[in-house]
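> Just need the structure, nothing else, for what follows:
(2 chains)
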Amino acid sequence: MIHLNGVTDEPYAFGSRQPLLANATLDIPAGRYALLSPTPEMHRQLVDVLCCLRPPRQGFVKHDGNVSWAIGRQGFIRGKANGLSMIDFVSEMYEIDPGATYELVADLISDPKMLAKPMEHWPLYVRQEFSFALALAPAFDVYVIEGSIPFEPCRFTRLWLALFEERLVGRTLIFSSYRQNQLADYCFKGLIYERSALSIDDDLDQCLRRYPPRRSRSDSGTGDDVLGGGFDEGQLGF
Amino acid sequence: MSNEDRIKGWRSRRKASNYTVGSGVANWRLDPAALFEAKAPPAVLFKPLLARLQGEPHDSVAARRAVYEAVQAELEAEIERGKVDETVADFSRRRLRIIVRLLEQDIRAGVEVFAPGYVPAKLVAEDERLAAAHARRVERRKQDEAREARRHASRNDIALEIEVAQSESGDLAILRDRLRTLHEGHSQDTAGHRPIGRTLMAMFIYQLRVMHGESRIALVWALVGPVVLLTLISSLYILMGTHYILGMDVQTFSLLGATTWIMFRQIAFRSSTAYVSARGLLNFQGVTPLMCALVQAMIYVSVYLVVFAVLITAGHAIGLITLPKSWAGFITFVVLMGVAGAAMGVLFGSIATYWHFFLRLAPIIERGLQIFAAVFFVSEQFPEQLRPWLLWSPLAHGMQLLRSAYFQAYQSHDASLGYFLTSLVFMMVIALVAERLARPNVQPM
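The predicted structure follows:
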């Protein structure tokens, strides 16, 4: 369960401060929610707040049970470290057995050999599979998925879906995607974000008609950060 | 068809010499076994239709229509009798309609349709098109059913049975077992209560691996930087004929100043950059920008402690460097300088979240601080009236206290431990307040 208590937030996005939430108070009980809004560009920032990845300017977000990270994001799959280091890191942080996590991920993904290579060299499909496979390892109670649930007909999709379906029973899903079919397939209620407020709507079909999902316009062009580039001098202290 | 017509027809057939009663029945009877097969050719419908047309009067449109309707009725009866799936039945009906249309076109065009081996020219192509459309309909229906099952599962909060291949079901059983073991071992409620130390240590180990994956020459470079700066400082003093400064030998004096300062600046820069830029790991709950900055500080303190150990040991072995009076005191002050660097890094990083350009100013600020940080000299070398110009900086106090802890012969009279520690705590508080204000600005990547 996720509780929002008087949350007000104005994150910096698209070159200026955007009003995200204004004194939003909401309890999100167990269920399967499709995150819908007329502005999917703000879903990312909203998911950050819901998952407690970033504290809001005012108010607070409280979790009952384990809330996943935003599954589907690949921001952490980068750099020189290899997949095994990342598995170690997640296992250490979530207090789970790293050996069993290795085995789970390696048996699940299509190309386990890639795990030993630096993540920056991974092709897109390995990143996607890794991000979804790793998310099964911790025992989450709330699954927050940003992007598309695997759908390509392959071994990974079938096995991952079979495991995920079983895990999801009795738990919560918050799903943000531009794929309307997937939203209709996996969700039961709408989590509506409109005019700096969040609400729950029980009629998903009507929500989908009112807020037809579309791809965020920022998907193609946020790029890397502009901070801190170029100043990195040598270590020669003079 | 009247009885007369039937008799006429029978007589005309009887004229053929090889005619036997009942022969050719198989030719015009629809074969229910072949009719609804998945890949039955169009001939299963076309041949009986043509045979029947040949046997019946077919001179007028009305007569031919009667034959077509009879075949269609028979097809419907077969569908009814065999309880054929609606999609397959629909495919057969459409196929019959196409055959009739093409056949009728050819008859009207005067084509010899009863010639042996006759097939309407477009039949194969039209039938293929029909089969493709049929396959699409079957696929769509399957998808609709799958979607309906998926939605039913979601609405009733039950697990949808995912079809896996025979070869994959073994894998699935193993994976299911692994997942169960993993989840049993997982503590139930760690939400927001994950120990910070555990996350920090996990990040520390992860960052070490990142460094390991990056160029290992970077670590060698960590040695080269201090050596170059200490050589520069030493040679300036030695060129001026100074070999001892207030009882401290010039090489060791320079080594302490150079290495500690390079560590300080590295920590300040790396941690400030980590604060604003290391946003990938922020996708994990419990990882904060402050932690990213602190981990960088921890790594660089560790790296430079090793650099100190290597330089002091190697320098002592060749007789250039003296050993410290107190290792513990020396290391404590090095670590405290590292803490000062981390505080400054977090402060710089926090400012940079509001004003991105600030990090470009950071090296200039650092250069300014370096002059007042007792890197090249200590305050006791200056006349009394100039000393306050140096001693406002807590970093100068720290560096002089560090040298006091290191050298037997030097005890700083100007440096104040109280001032240094108070300033350090003050810096940390300012950094943490700035961090709290800046925290909502740093978004996960």
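> where exactly do the strands run in the chain?
If you meant another chain, say so; for now it's chain A. A:2-9, A:12-13, A:16-17, A:21-28, A:32-36, A:58-63, A:67-71, A:142-146, A:172-176, A:189-194, A:197-201 (DSSP state E).
> Can you look at chain B instead?
Using DSSP E, strands in chain B cover B:244-245, B:248-249.
> any weak-confidence spans in the stretch 301-445 of chain B?
Across the stretch 301-445 of chain B, nothing is flagged by pLDDT under 70.
> so which of the strands of chain A gets nearest B:G55?
strand A:32-36 (63.7 Å; CB to CB). C-beta: built from backbone N, CA, C; applies to glycine.
> tell me the contacts of the closest residue to B:P41 other than its chain neighbours?
Among residues not flanking B:P41 along the chain, B:D127 sits closest, at 7.9 Å (CB to CB, 6 or more residues apart in numbering or on different chains). By CB atoms under 8 Å, 6 or more residues apart in numbering or on different chains, the contact list for B:D127 reads B:P41, B:P42, B:R95, B:I98.
> and these as a markdown table, adding pLDDT?
Listed next are the contacts of B:D127 as a markdown table, based on pLDDT from 0 to 100:
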| residue | pLDDT |
| --- | --- |
| B:P41 | 81 |
| B:P42 | 81 |
| B:R95 | 87 |
| B:I98 | 89 |
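> Any regions of chain A where pLDDT drops low?
Along chain A, the parts satisfying pLDDT under 70 run over A:218-238.
> residue contacts, the residue positioned nearest the centre of it?
Among the residues of chain A, A:A70 comes closest to the average C-alpha position under CA atoms, centre = their mean, at 1.6 Å. Neighbour list for A:A70: A:R44, A:V47, A:D48, A:C51, A:L53, A:V144, A:I145, A:E146, B:N283, B:P444 [criterion: CB under 8 Å, 6+ apart].
> looking at it, the third one is touching B:P444, isn't it?
It refers to A:D48. Yes: here A:D48 reaches B:P444: they are 6.0 Å apart, a contact under CB atoms under 8 Å.
> Can you check which residues contact both of those two?
Joint contacts of A:D48 and B:P444 (CB under 8 Å, 6+ apart) are A:R54, A:A70.
> out of the contacts of B:D127, which is most surrounded?
Taking other CB atoms under 10 Å in any protein chain shown as the neighbour criterion, B:R95 ranks highest of the contacts of B:D127 with 23 neighbours.
> Now do the helices in the stretch 101-250 of chain B.
For the stretch 101-250 of chain B, applying DSSP state H, counting those that start in this stretch gives helices covering B:123-156, B:166-184, B:196-213, B:217-239, B:250-277.
> what about whatever residue of the stretch 301-445 of chain B ends up closest to chain A, neighbour count?
Minimum separation of the stretch 301-445 of chain B from chain A (CB to the nearest CB) falls at B:M445, amounting to 4.0 Å. Neighbour count for B:M445, taken as other CB under 10 Å: 18.
> among the strands of chain B, which gets the worst mean confidence?
In terms of mean pLDDT, the lowest-scoring of the strands of chain B is strand B:244-245 (a mean of 81).
> Mind listing residues that contact that strand?
Contacts for strand B:244-245 (CB under 8 Å, 6+ apart): B:Y237, B:V250, B:F253, B:F377, B:V378, B:Q381.
> that older thread, just name the most buried of the helices of the stretch 101-250 of chain B.
helix B:250-277 (a mean of 26; mean count of other CB atoms under 10 Å in any protein chain shown).
> Show me what that helix is packed against.
With contacts taken as 3 or more CB pairs under 8 Å, 6 or more residues apart in numbering or on different chains; DSSP states H and E, helix B:250-277 sits against helix B:217-239, helix B:289-317, helix B:327-354, helix B:358-371, helix B:394-406.
> As JSON lines, those with distance to B:T260 would be great.
Converted to JSON lines, the helices and strands packed on helix B:250-277 look like this (distance: least, CB to CB, whole Å):
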{"stretch": "helix B:217-239", "distance to B:T260": "9"}
{"stretch": "helix B:289-317", "distance to B:T260": "8"}
{"stretch": "helix B:327-354", "distance to B:T260": "5"}
{"stretch": "helix B:358-371", "distance to B:T260": "11"}
{"stretch": "helix B:394-406", "distance to B:T260": "6"}
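> between these, which one is nearest to B:D106?
Of the helices and strands packed on helix B:250-277, the one closest to B:D106 (CB to CB) turns out to be helix B:289-317, at 79.8 Å.
> do you know how far the spatially most central residue of chain B is from chain A?
Centroid-nearest residue in chain B: B:G280, 10.5 Å away (criterion: CA atoms, centre = their mean). B:G280 sits at a distance of 4 Å from chain A (criterion: CB to the nearest CB, to the nearest Å).
> Let's see the pLDDT reported for that residue.
84.
> I'd guessed it sits against A:A81; true?
No: counting by CB under 8 Å, B:G280 does not reach A:A81; the two are 10.1 Å apart.
> could you dump stretch B:207-226 to CSV, C-alpha only?
The C-alpha coordinates for stretch B:207-226 follow below in CSV (Å, rounded to 0.1, in the frame of the first residue of the first chain):
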residue,chain,number,x,y,z
GLN,B,207,31.9,1.5,-7.1
LEU,B,208,35.1,-0.4,-6.5
ARG,B,209,34.0,-2.8,-9.2
VAL,B,210,33.2,0.1,-11.5
MET,B,211,36.7,1.4,-10.9
HIS,B,212,38.1,-2.0,-11.5
GLY,B,213,36.2,-2.2,-14.8
GLU,B,214,37.5,1.2,-15.8
SER,B,215,41.1,1.9,-16.7
ARG,B,216,43.4,0.6,-14.0
ILE,B,217,45.9,3.2,-15.1
ALA,B,218,43.7,5.7,-13.2
LEU,B,219,44.9,4.2,-10.0
VAL,B,220,48.5,4.5,-11.0
TRP,B,221,47.7,8.1,-11.9
ALA,B,222,46.6,8.6,-8.3
LEU,B,223,50.2,8.0,-7.4
VAL,B,224,51.7,10.2,-10.2
GLY,B,225,49.7,13.3,-9.2
PRO,B,226,51.1,13.7,-5.7
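> Can you tell me what sits against that stretch?
A:79-82, A:85, A:88, A:118, A:234-237, B:255, B:258-259, B:262, B:295-296, B:299, B:303-304, B:307, B:310-311.
> try it again with 6 Å
For stretch B:207-226, contacts defined as CB atoms under 6 Å, 6 or more residues apart in numbering or on different chains pick out A:79-81, A:85, A:118, A:235-237, B:258-259, B:262, B:295, B:299, B:303, B:307.
> and if you look at stretch B:143-161?
A:R32, A:E165, A:E166, A:V169, A:D185, A:Y186, A:F188.
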